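Chemist: Give me a 3D structure for the following:
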Amino acid sequence: MSIALIDYGAGNLHSVHNALVKAGAKDVVLAADGDAVARADRIVLPGVGAFRACRDGLYGLPGVVEAMTEAVHTRGVPFLGICVGMQLLADTGEEFGSHEGLGWIPGTVRLIAPADPSIKVPHMGWNDVTPATPHPLIEAGEAYYLHSYHFAASDPAHILATTRHGGALVSAVGRDTIIGVQFHPEKSQFYGLSFLSRFLDWKP
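Modeler: You can find the predicted model right below:
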């Protein structure tokens, strides 16, 4: 089974690669063109940094967005987005202006704005993952987060898990063969590796 790990300068690429291997992946390909994505049995989109920079990097790769779209929406290839890779699934991101996302899961990525001024932004460190609806990949536990913007999903049915940081924040979204997580499985020790192992075994 081939896993295409999208290589678009997202920063946490090698940590995610190492975590996938530890979780049991045998064939992880750093994919920077459409052909590599088209051959994959699983697709993983990592991401750290600003929404626009990640979006521009992704769309700057020849044929990758088109190949991802065909793989996921036509052939039903399982897809995982991590942190900003999850946020790029939204319609729009509001970091440093308004920028168009992939639009695969309706919603907007907005600045975390807790009502309590003592709640710090970014949301950083270990926090709960609380399932919102049954899903084979999501289990209750604790994972590592680092983000200042959050995914405001338009349809509650797409929210798979939440966490608390000055109010409820979405920690996982999904539909069909797509899942995105706000937490970093590659930094979440046993919980993160277990999650990645379930993704590798997932047959949606």
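Chemist: Please, where are all the helices along this protein?
Modeler: Assigned by DSSP state H, the helices in the chain fall at 13-22, 34-38, 51-59, 64-73, 84-87, 189-201.
Chemist: For Ala4, find the nearest of those.
Modeler: Ala4 lies closest to helix 34-38 among the helices of the chain, at 4.9 Å (CB to CB). C-beta: built from backbone N, CA, C; applies to glycine.
Chemist: Give me the neighbour count for Asp116.
Modeler: 7 (other CB atoms under 10 Å).
Chemist: how much space between the residue lying closest to it once chain neighbours are set aside and Leu146?
Modeler: Nearest non-adjacent residue to Asp116, counting by CB to CB, 6 or more residues apart in numbering: Gly166, 5.5 Å away. Gly166 sits at a distance of 16 Å from Leu146 (criterion: CB to CB, to the nearest Å).
Chemist: Likewise for Asp35?
Modeler: Counting by CB to CB, the gap from Asp35 to Leu146 is 32 Å.
Chemist: More neighbours: the two, which one.
Modeler: Leu146 (15 against 11).
Chemist: count of neighbours near the residue nearest to that one when sequence neighbours are not counted?
Modeler: Using CB to CB, 6+ apart and skipping the chain neighbours, the partner closest in space to Leu146 is Met124 (5.0 Å). Met124 has 13 neighbours, counted by other CB under 10 Å.
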